[in-house]
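> here's my sequence, what's the structure:
(one chain, ligands or ions: 4)
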Amino acid sequence: MRLNDENDEEEGPKTMSHCSIGHLQQEKSFVIVGYALTSKKVESFLKPKLEGLARNKGILFVAIDQNRPLSDQGPFDIVLHKLTGKEWRQILEEYRRTHPEVTVLDPPDAIQHLHNRQSMLQCVADMNLSDPYGKVGVPRQLVIKRDSSSIPDAVTKAGLILPLVAKPLVADGSAKSHELSLAYDEYSLQKLEPPLVLQEFVNHGGVLFKVYIVGEAIKVVRRFSLPDVTKRELSKNAGVFRFPRVSCAAASADDADLDPSVAELPPRPLLERLAKELRRRLGLRLFNLDIIREHGRRDHFYVIDINYFPGYGKMPGYEHIFTDFLLSLVQSRYKKRSV
Ligand SMILES: O=P(O)(O)O[C@@H]1[C@@H](OP(=O)(O)O)[C@H](OP(=O)(O)O)[C@H](O)[C@H](OP(=O)(O)O)[C@H]1OP(=O)(O)O
Ligand SMILES: Nc1ncnc2c1ncn2[C@@H]1O[C@H](COP(=O)(O)OP(=O)(O)O)[C@@H](O)[C@H]1O
Ligand SMILES: [Mg+2]
Ligand SMILES: [Mg+2]
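Ligands and ions are numbered 1, 2, ... in the order given. Take a look at the predicted model:
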């Protein structure tokens, strides 16, 4: 096996037996990363460039076979995963218990915390981040567990200001969990199916910031988002309108000719503080935040969404950032062991 050979960059995935992985791990001190990802994720994340670069740095990605016991596979240094379901969570928890030497990215219970749009933002609300660089909060929101007929009263009692974004309470990655609506009047919300989160729509100039976090690294990109809703539009419209996944489907807004007051990235020191604190509070190392800036208020930011192991394939330079991160994990384990 050649190491540090530039030609390896474009090589595809390899399937290896338990015995040959063990050999590589010991003989060449390869870092073995087992992965359990959907085929969509494998395609968008595990691109030949990432695998090639990883190989050059001594990292091998090995597919986990879900039909075989996890303990019979590997041995792994790191397990990278994004699959849903209680059964898989239990398998991983058991594996973490019996294999404390393996870094599981990330712990299933910490990921589970993001699968509910209420608990997802609680850490940001609790943090109440405010410093000379700006303020970071969450939009005011209300959870409707059942009984859609109670919505108009509940919205009035909570004093929420229209328009509202209606989001399914569960954010488990299913197509349904991404079906969002914009409501211009509270009566129409009775048509929607709880459990829901009703969140105040914050005008933000139609641009959102995706803040990707990989361990200690942070990368921010701009995406197009929903346009502002004017008072006039609000008074003229009624009803709830389903909207598509604007930020995900739209092309990057990084090169667009935008109003600088809208496009200016959130201050780096503010994001660093936010990311550091969230890493600690959430117990996660791989996630992204959707952040918007209140239109006309330069230093007022809102976190509206947090996603576990997001689409890193769209993050510029992710191959280098991700491989460096994997190496840093192994190095810090090694240091701990030799103390
Ligand atoms: O597939 P992609 O690249 O669009 O990534 C999705 C993310 O897009 P983004 O990184 O924000 O551009 C996407 O982010 P949003 O929720 O759209 O903000 C989710 O993280 C999605 O995962 P899930 O459906 O919530 O489990 C991500 O989907 P998976 O790839 O994890 O299935
Ligand atoms: N409170 C809000 N104010 C303004 N726009 C919002 C708000 N919440 C969501 N959006 C818009 O809706 C999009 C999808 O909402 P989000 O909470 O990120 O759900 P998902 O998990 O499906 O990405 C966001 O990217 C943004 O464009
Ligand atoms: Mg989002
Ligand atoms: Mg999301």
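
> from now on I want contacts and neighbour counts done on CA atoms only, so please keep to that.
Noted.

> what about this structure, any weak spots by pLDDT?
1-28, 246-251, 336-339 (pLDDT under 70).

> the longest helix seen in it packs against which elements?
Longest helix of the chain, by residue count under DSSP state H: helix 318-338. Contact here means 3 or more Cα pairs under 8 Å, 6 or more residues apart in numbering; DSSP states H and E; on that basis helix 318-338 packs against helix 48-56, strand 207-214.

> and the longest one, what does it pack onto?
If you count contacts as 3+ Cα pairs under 8 Å, 6+ apart, helix 48-56 packs onto strand 59-63, helix 318-338.

> pick the most deeply packed of the ones you listed.
strand 59-63 (a mean of 22; mean count of other Cα atoms under 10 Å).

> okay, angle between that one and helix 48-56 too, please.
Computed by axes from the mean of the first three to the mean of the last three Cα atoms, to 10 degrees, the angle separating strand 59-63 from helix 48-56 equals 120 degrees.

> export the helix or strand following strand 59-63 as CSV, just CAs?
Elements were assigned by DSSP states H and E; along the chain past strand 59-63, the next helix or strand is strand 78-82. Written as CSV, here are the backbone C-alpha positions of strand 78-82 (Å, rounded to 0.1, in the frame of the first residue of the first chain):
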residue,chain,number,x,y,z
ILE,A,78,-14.0,6.2,14.5
VAL,A,79,-17.6,5.5,13.6
LEU,A,80,-19.3,8.0,11.5
HIS,A,81,-23.1,7.7,11.2
LYS,A,82,-26.3,9.3,10.2
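
> contacting residues around strand 78-82?
31-38, 102-106, 309 (Cα atoms under 8 Å, 6 or more residues apart in numbering).

> returning to what we had before: export the helices and strands packed on helix 318-338 to a markdown table and tack on distance to ligand 1 and mean neighbour count?
Shown next, in a markdown table, are the helices and strands packed on helix 318-338 (distance: least, Cα to the nearest ligand atom, whole Å; neighbours: other Cα atoms under 10 Å):
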| stretch | distance to ligand 1 | mean neighbour count |
| --- | --- | --- |
| helix 48-56 | 15 | 22 |
| strand 207-214 | 7 | 24 |
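
> need the ones you listed in a markdown table (columns: distance to Leu270).
Putting the helices and strands packed on helix 318-338 into a markdown table (distance: least, Cα to Cα, whole Å) gives the following:
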| stretch | distance to Leu270 |
| --- | --- |
| helix 48-56 | 30 |
| strand 207-214 | 12 |
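
> quick one, which of these is nearest to ligand 2?
Nearest of the helices and strands packed on helix 318-338 to ligand 2, taken as Cα to the nearest ligand atom: strand 207-214 at 6.7 Å.

> give the bridge partners for Ser181, please.
On the basis of DSSP bridges, Ser181 is bridged to Ala166, Arg242.

> wait, isn't it in contact with Phe243?
Yes: counting by Cα atoms under 8 Å, Phe243 is a contact partner of Ser181 at 5.6 Å.

> neighbour-wise, which of these two wins?
Set Ser181 next to Phe243 and count neighbours by other Cα atoms under 10 Å: Ser181 wins out with 20 against 13.

> dump the residue contacts of that one.
Going by Cα under 8 Å, 6+ apart, the list of residues near Ser181 reads 165-167, 240-243.

> neighbour-wise, which one of those residues leads?
Ala166 (28 neighbours).

> hmm, back to that, and the contacts of Ser181 as a markdown table, adding distance to Gly173?
Listed next are the contacts of Ser181 as a markdown table, based on distance: Cα to Cα, whole Å:
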| residue | distance to Gly173 |
| --- | --- |
| Val165 | 18 |
| Ala166 | 16 |
| Lys167 | 13 |
| Val240 | 23 |
| Phe241 | 21 |
| Arg242 | 18 |
| Phe243 | 17 |
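
> can you narrow these to ones near ligand 2?
The subset of the contacts of Ser181 within reach of ligand 2, by Cα under 6 Å from any ligand atom, is Val165.

> could you measure the closest residue to Ile59 other than its chain neighbours against ligand 1, distance?
Computed as Cα to Cα, 6 or more residues apart in numbering, the closest residue to Ile59 that is not its neighbour in sequence is Val31, at 4.6 Å. Plainly put, Val31 is 24 Å away from ligand 1 if you go by Cα to the nearest ligand atom, to the nearest Å.

> equivalent analysis for Ser119, please.
Noted for Ser119: a distance of 15 Å to ligand 1, by Cα to the nearest ligand atom.

> try Val170
10 Å.

> what about that residue, how many residues nearby?
The number of residues near Val170, taken as other Cα under 10 Å, comes to 18.

> circling back to that earlier point, is it true that the residue nearest to Ile59 touches Asp77?
Yes: judged on Cα under 8 Å, Val31 makes contact with Asp77 at a distance of 6.1 Å.

> many thanks, have a good one.
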